[in-house]
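A.B. asks: show me how the following folds:
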Amino acid sequence: MFAARSSRQLKRWMVGISATALAFLLAPVSPAHAAGGDVPVPQSSFNAKGAGSVSAADVDFVVKVRLAGLWEIPAGNMAQEKSEDSRVVQIGKTISAQHVVLDQLDREVAKKLNVDLPATPNADQQGWLDEMKKANAATFDQIYIDRLRAAHGKIFPAIATIRASTRNDAVRQLAQQANQFVMTHMTLLESSGIVDYGSLPTAAAPVQPGGGPVPVDANMLAQASAGRSGIPGASTSVILLVLAAALVAGVITTMRIFRAR
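C.D. replies: So this is what the prediction gives:
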């Protein structure tokens, strides 16, 4: 009788474990938890030495990063002084401080590559700064948010192009760091709730709709549908079901061994 009761308890225990394990195996992964839910902090993972050829586009990118800091740092400082909205004040403070860091990273790369950097904003940037200086508390916030959001929207795709195409490791590292900063700044600016999206330029119409930037063949589509499992032709769901079946088989075998005893 004691043996029968122990067998029933063991059976319930093993079934409970099996159910828990199956739920764990088949549960979808939450992207938010997978990414940590936080904005990544730009870090150096390339150990860049400045190796690799430097193109004219690379030099232009390094110069543009410097120019961005030359006007966005004083613009952020003005936001802290002129805005009466605590959100805009904090946005200006954060963007200004982060551009100080990005500017230092940029100047280090320029030194490695012997790139001459400007010391003053260009004409357009100076015009935006002058516009902000003339604005009063009632008009400043909209001008500040819209000018910076438009500028970040223009540089964002340019950074992606450099990150994907440069041959120089220092420029590649700077592009990755700048990309994370710019994404953070765009998100901050949009958190103000006053971005005039209607005034932003729209994307150009695709030359070949649906064609994509790279040719896609049947083999690529088959590999994509395989679910990144690492096993050709096997999807992630199939592998999970196989693992689940193996787990159940193991549980049944264990129960038989205990029952025999």
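
A.B. asks: what's the burial count for I162?
C.D. replies: Neighbour count for I162, taken as other CB atoms under 10 Å: 24. Any C-beta I mention is one placed from the backbone N, CA and C, and that applies to glycine too.

A.B. asks: so how far is G198 from it?
C.D. replies: Look at I162 and G198: by CB to CB, to the nearest Å, they are 29 Å apart.

A.B. asks: then V63?
C.D. replies: As judged by CB to CB, V63 and G198 stand 31 Å apart.

A.B. asks: ok, A97 next?
C.D. replies: 30 Å.

A.B. asks: looking at those two, which is more packed in?
C.D. replies: Taking neighbours as other CB under 10 Å, A97 and G198 compare with A97 leading, 11 against 5.

A.B. asks: helix or strand for that one, which one?
C.D. replies: Here A97, judged by DSSP states H and E, is contained in helix 86-113.

A.B. asks: what of K154?
C.D. replies: Residue-wise, K154 maps onto helix 137-165 under DSSP H and E.

A.B. asks: quick one: that helix to helix 86-113, angle?
C.D. replies: 40 degrees (axes from the mean of the first three to the mean of the last three CA atoms, to 10 degrees).

A.B. asks: check which helices and strands helix 137-165 sits against.
C.D. replies: Under the contact definition 3 or more CB pairs under 8 Å, 6 or more residues apart in numbering; DSSP states H and E, helix 137-165 sits against helix 56-82, helix 86-113, helix 123-134, helix 169-190.

A.B. asks: show me what the helix holding A97 is packed against.
C.D. replies: helix 56-82, helix 137-165, helix 169-190.

A.B. asks: now that helix: buried residues?
C.D. replies: Across helix 86-113, burial judged by 16 or more other CB atoms under 10 Å covers 88-92, 95-96, 98-99, 102-103, 105-107, 109-110, 112-113.
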